[in-house]
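Trainee: here is a sequence together with a model predicted from it:
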Amino acid sequence: MEIKDMSWEILEVPLKKPFKIALGTTTVYQGVLVKLCTDELCGYGEAAPSPRITGDTVGSTITALERFKGALIGKDPREIGKLMNELNHLLARNTTAKAAVDFALHDILGKTAGLPVRNLLGGERDTIETSLTVTIGSVEDSVKSAEELLNAGAKVLKVKIGLNPEEDVERIRAIRNITDAKIRVDANQGYSLKRAINVLRKIERYEIEFAEQPLPAAQVEELGVLRRSTEIPIMADEAVHTKEDVLRLVGKVDAINIKLMKSGGIYEAARMAAVAKAAGMKIMVGCMIETRLGITAGTHFALGVGVDYADLDGYWDLSRALFSGVKFENGVNILPDAPGLGVKPL
């Protein structure tokens, strides 16, 4: 078996409403669909570039894919580790382009084996709850958004904070007043150490599951200080892209957020997860704004390697669906009963 063809196309979908976090506001999703084909079948992958987090753009992703094509044509798609190592040596960073190729390779492998990708990865879990996200807005808007998500079946809310400490505390208080659901918070690097300690201590009473990346990504030592200053567990996100980053964060945080767009796909993410588990750190699988294709891949990974938490709702704000795949029911993501990723273009 060998790769005969590789193609891609740009994806662009307006969001239902602006997605506002401490790092900025997004109104349109832009990504790249990648298709790898052998003589027998094709595999699909998605790149969801984020200049503020991965440093990638749609343009840089396509440039990387053009370079990768020559290295992939004629190769055996089942040798995923070998191929991903070759791409890593060929081009540094460009993790969203690598993730798209990685997804397509895993899709082909699963289809060839007649197994879902989650089973190929170990099949450690059957289900996992995923949070749904409350973006930054007025306190009233945040409460309304939380109510809508709860009515849609959410069992876990991820509340974005990080711009206004006083309003953030009030936002959490107001949302806690309407629900007993789990609440986790994400500041997306928005606070200084002093402000983070102040806010987290004030919201401890509201039973917060964990606080994600309260400080700038480079402030690793300060994350350790913050961890010792609050009862709320601390999770790293923007500070962790590689397995080496995981090692740097041992003892500084309680948990890490592995996003396949940051790691460069499932193959590298599995290495990160192995390091984190060995170090006794909890793991969440998160996402960017992505289509169901990327979220389906993330769900396969989360269930396959057996992580602790999931934040896999990246397609919820898209104004239209581009792919079939994962479905959300009663607080969990349900994977298709199909080999490979189980996704199809609509």
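Mentor: Happy to help now that I have it.

Trainee: only C-alpha atoms from now on, for both contacts and neighbour counts.
Mentor: Will do.

Trainee: off-centre distance for stretch 143-157?
Mentor: 20 Å (CA atoms, centre = their mean, to the nearest Å).

Trainee: start at 21, not 1
Mentor: Let's use 21 as the start, then, which means that last one is stretch 163-177.

Trainee: buried residues in it?
Mentor: V163, S165, A166, E167, L169, L170, A174, K175, V176, L177 (16 or more other CA atoms under 10 Å).

Trainee: and stretch 238-247, by the same measure?
Mentor: V240, E242, L243, G244, L246, R247.

Trainee: nearest to G63, of those?
Mentor: V240 (38.1 Å; CA to CA).

Trainee: so what's I203 closest to, chain neighbours aside?
Mentor: Among residues not flanking I203 along the chain, L177 sits closest, at 4.9 Å (CA to CA, 6 or more residues apart in numbering).

Trainee: surely the one you found touches L152?
Mentor: Yes - L177 lies in contact with L152 (CA atoms under 8 Å); the separation is 5.2 Å.

Trainee: ok, back up a step: which of the buried residues of stretch 163-177 fall within helices?
Mentor: V163, S165, A166, E167, L169, L170 (DSSP state H).

Trainee: list the contacts of the nearest residue to I309 once chain neighbours are set aside.
Mentor: Leaving aside its sequence neighbours, I309 sits nearest to G334 (CA to CA, 6+ apart; 4.3 Å). Each residue near G334 by CA atoms under 8 Å, 6 or more residues apart in numbering is listed here: C307, M308, I309, E310, T311, R312, I315.

Trainee: got the buried residues of stretch 238-247 as TSV, with distance to A294 and pLDDT columns?
Mentor: TSV is the format used below for the buried residues of stretch 238-247 (distance: CA to CA, whole Å; pLDDT from 0 to 100):
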residue	distance to A294	pLDDT
V240	21	98
E242	25	98
L243	22	98
G244	22	98
L246	25	98
R247	23	98
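
Trainee: can you convert the residues you listed into CSV and add a column each for distance to Y211 and secondary structure?
Mentor: Output for the buried residues of stretch 238-247, formatted as CSV (distance: CA to CA, whole Å; DSSP: H, G, I helix; E, B strand; the rest coil):
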residue, distance to Y211, secondary structure
V240, 14, helix
E242, 11, helix
L243, 11, helix
G244, 15, helix
L246, 11, helix
R247, 14, helix
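
Trainee: show me where the stretch 221-366 of the chain has helices.
Mentor: 240-249, 263-269, 280-283, 286-298, 312-325 (DSSP state H, counting those that start in this stretch).

Trainee: deepest in the core, which of these is it.
Mentor: helix 280-283 (a mean of 30; mean count of other CA atoms under 10 Å).

Trainee: mind giving me the packing neighbours of that helix?
Mentor: helix 115-133, helix 286-298 (3 or more CA pairs under 8 Å, 6 or more residues apart in numbering; DSSP states H and E).
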